[in-house]
Structures are given as C-alpha cells and as structure tokens.
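1. Provide a 3D model corresponding to the input given below.
(one chain, ligands or ions: 1)
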Amino acid sequence: MEEKCCSKCGTSVKEILETGFVGCEKCYDLPEIKNAVDKMFDGKRHPKNEK
Ligand SMILES: [Zn+2]
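-> Predicted coordinates:
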C-alpha cells in the first residue's frame with residue numbers, strides 16, 4: 001500500500017491521522033485529511049445544520 005504524504009512538509013497521512021496534528025496548511029489538501037478533519041470538526045467549523 002502506498003503511503004500518501006504531504007507534498008510540502010512530508011508528513012504522512014497515517015501520521016496525521018494517528019496524532020491528529022497536521023504538519024502544515026498544505027496537509028489539508030490531502031483528501032484523506034480533508035475527510036478526517038470534516039469528521040473531527042463535524043458541524044463546528046461549518047455549522048451547516050444550524051438554522
Ligand atoms: Zn503538510
């Protein structure tokens with residue numbers, strides 16, 4: 001299995017998911033990280049359900 005890494009800081013997706021910390025803002029460009037962050041901050045950063 002190929003391990004995806006951030007093209008800027010080189011932090012691997014696995015590492016970010018394990019620690020919960022991204023290396024830099026570019027890490028969020030990785031789809032896996034984007035999905036994970038969306039789940040982590042579910043409704044907090046983007047309160048879609050708030051009306
Ligand atoms: Zn990065």
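2. neighbours of the closest residue to residue 7 other than its chain neighbours, just the number please.
-> Nearest residue to residue 7 in three dimensions, chain neighbours excluded: residue 26, at 6.5 Å (Cβ to Cβ, 6 or more residues apart in numbering). Glycine gets a C-beta too; all of them are placed from N, C-alpha and C. As a burial measure, residue 26 scores 14 neighbours (other Cβ atoms under 10 Å).
3. residue 26 belongs to a strand, doesn't it?
-> No. Residue 26: not assigned to a strand; according to DSSP: H, G, I helix; E, B strand; the rest coil it is helix.
4. which bits of the chain sit near the ion?
-> Contact residues, the chain versus the ion (Cβ under 5 Å from the ion): 6, 8, 9, 23, 24, 26, 27.
5. check the closest residue to the first one other than its chain neighbours and give its pLDDT.
-> Same thing as residue 6. Using Cβ to Cβ, 6+ apart and skipping the chain neighbours, the partner closest in space to residue 6 is residue 27 (4.5 Å). The model reports residue 27 with a pLDDT of 94.
6. then residue 8?
-> Model confidence at residue 8 (pLDDT) stands at 97.
7. check the one 4 residues further on too.
-> According to the prediction, residue 12 has pLDDT 95.
8. these two touch, right, it and residue 5?
-> Yes. Using Cβ atoms under 8 Å, residue 12 makes contact with residue 5 at a distance of 4.8 Å.
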